[in-house]
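# 3D, please:
(one chain, ligands or ions: 4)
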Amino acid sequence: KAKLAGKDRFMRFASAMRDAANRKLRIELALRDALAAEALTVHYQPIYGLSETALVGFEALVRWTDAELGVISPAEFIPVAEDMGLITPLGEFVLRVACRQVSSWNALHGQQLFISINLSARQFDAPDLFATIASTLQESGLPPALLKLEITESVLLDGQHSVSEVLSRLRATGIQISLDDFGTGYSSLSYLLRYEFDVIKVDQSFVRNLDQDPVRGELVRTVVHLAHNLGKKVVAEGVELPSELEYLRELECHMVQGYLLSKPLPCSLIDALLDNLNTADTRMALMRRLCA
Ligand code: C2E
Ligand code: MG
Ligand code: MG
Ligand code: MG
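Numbers count the residues shown, from 1 in each chain. Ligands and ions are numbered 1, 2, ... in the order given. Next comes the predicted model:
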């Protein structure tokens, strides 16, 4: 009987494996077409400055809806794109679309908003990464100081010498480097020593309930102080509750991003947001939300 149960479990395991492999294969095929057809889109999540009490920039987040598979999360398809060698064209697409978009928003609305774009480790394999970024900036008319590149520890773990070289060339043009998902890796503190960067993004897993959980609260306080003492900026990701925001404001965290303020939005909704940015009602509502 035990043997039968074991066999049953194995069959279920094998069929789950087969389903996963099938889904990955379908995603691979569909993603290649979607990229060629430019069927991916970019959403923009507003980032607010707490000392300015204002919108200061956006994070670009890629979005994909397939006719058959439906909405697929970037957490699922970015790793597939990396495996397939498609992350370089995908990354270039997001960079081009987002830089143009924010450059035109700034011109239209007289703003100096920044755009923060995620770079995957595999994009550093391309020898022309620096040249691509430089020429995309030039074509879009976006000043380098308004571009931030978000990298995670996986970029830095690769330990390639070329990574730190590319990062310093990028910084020399005025582009800023953000450490994304800070604190979730194995050697977060040691890469503070090894790489030049401008912004620390505290991962949402630390922000969640930081006002309730003393350990999370202390951790975030320490990271914010660290950023202050190193002369870096700090962004808290995934702010969902007014009590979390209140705590971050007391710590003098520079910037916040999260569903409490806004989800990532398609450009049509950002258009509307920017149209109303300086109306008295919007200013009041923002003050109320950011200053509680
Ligand atoms: P990330 O860079 O850490 O982006 C933040 C993620 O948190 C986004 O998920 C965003 O929608 C989500 N988020 C923002 N505020 C909140 C909140 O208050 N609560 C919760 N629960 N979530 C919040 P998304 O868009 O699903 O992206 C997931 C990951 O996929 C990103 O994590 C990033 O690592 C990757 N990704 C997305 N777009 C790109 C891209 O264009 N290129 C590359 N290489 N990676 C990307
Ligand atoms: Mg990010
Ligand atoms: Mg993040
Ligand atoms: Mg993340």
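
# count of neighbours near the residue in the stretch 1-150 of the chain positioned nearest to ligand 3?
Closest approach between the stretch 1-150 of the chain and ligand 3, counting by Cβ to the ion: Glu150, at 7.0 Å. Bear in mind the C-beta positions are built from the backbone N, C-alpha and C, glycine included. Using other Cβ atoms under 10 Å, Glu150 has 21 neighbouring residues.

# that's a strand at it, yeah?
Yes - remark: Glu150 belongs to a strand, assigned using DSSP: H, G, I helix; E, B strand; the rest coil.

# what's near enough to touch it?
59, 116-119, 178-180, 201 (Cβ atoms under 8 Å, 6 or more residues apart in numbering).

# Who does it form a beta bridge with?
Asn118, Ser178 (DSSP bridges).

# I'd like to know how far it sits from Gly110.
Distance, Glu150 to Gly110, using Cβ to Cβ, to the nearest Å: 26 Å.

# Asp211 too?
36 Å.

# same question, Leu290
21 Å.

# Also Arg216?
Note on Arg216: its distance to Gly110, by Cβ to Cβ, is 39 Å.

# about what we covered before: who has more neighbours out of Leu290 and Gly110?
Leu290 (20 against 8).

# What's the first helix or strand after the helix ranked longest in the chain?
Longest helix in the chain by number of residues (criterion: DSSP state H): helix 2-36. Next along the chain after helix 2-36, taking DSSP states H and E as the criterion, comes strand 41-49.

# and that next one, is it in reach of ligand 3?
No - using Cβ under 5 Å from the ion, strand 41-49 never reaches ligand 3; the gap is at least 10.4 Å.

# What are the contacting residues of that strand?
54-64, 94, 97-98, 101-102, 114-116, 235, 254-257, 261-267, 270, 273, 286, 290.

# now with 6 Å?
55-63, 94, 97-98, 255-257, 261-262, 264-266, 270 (Cβ atoms under 6 Å, 6 or more residues apart in numbering).

# Would you mind listing the buried residues in that strand?
Of the residues in strand 41-49, 42-49 count as buried by neighbour count, 16 or more other Cβ atoms under 10 Å.

# out of the residues you listed, who's nearest Leu129?
Val42 (19.0 Å; Cβ to Cβ).

# That closest one pairs with what?
Val62.

# can you check the one 4 residues further on too?
Pro46 has the following beta-bridge partners by DSSP bridges: Phe58.

# Could you check how far the one residue in the stretch 151-292 of the chain that gets nearest to ligand 2 is from ligand 1?
In the stretch 151-292 of the chain, the residue that lies nearest ligand 2 is Asp180 (4.3 Å; Cβ to the ion). For Asp180, the distance to ligand 1 equals 5 Å [Cβ to the nearest ligand atom, to the nearest Å].

# For that residue, which non-adjacent residue is spatially closest?
Once flanking residues are discounted, Asp180 sits nearest to Glu150: 4.1 Å by Cβ to Cβ, 6 or more residues apart in numbering.

# Please tell me how far the residue of the stretch 1-150 of the chain closest to ligand 3 sits from Leu129.
Taking Cβ to Cβ, one finds Glu150 at 14 Å from Leu129.

# ok, now Asp203?
Counting by Cβ to Cβ, the gap from Asp203 to Leu129 is 25 Å.

# any chance you could map the strands in this protein?
41-49, 54-66, 70-72, 114-118, 147-151, 176-182, 199-202, 233-236, 255-256 (DSSP state E).

# Any chance of JSON lines for the ones you listed, columns distance to Val220?
Listed next are the strands of the chain as JSON lines, based on distance: least, Cβ to Cβ, whole Å:
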{"stretch": "strand 41-49", "distance to Val220": "17"}
{"stretch": "strand 54-66", "distance to Val220": "19"}
{"stretch": "strand 70-72", "distance to Val220": "31"}
{"stretch": "strand 114-118", "distance to Val220": "20"}
{"stretch": "strand 147-151", "distance to Val220": "19"}
{"stretch": "strand 176-182", "distance to Val220": "10"}
{"stretch": "strand 199-202", "distance to Val220": "6"}
{"stretch": "strand 233-236", "distance to Val220": "7"}
{"stretch": "strand 255-256", "distance to Val220": "12"}
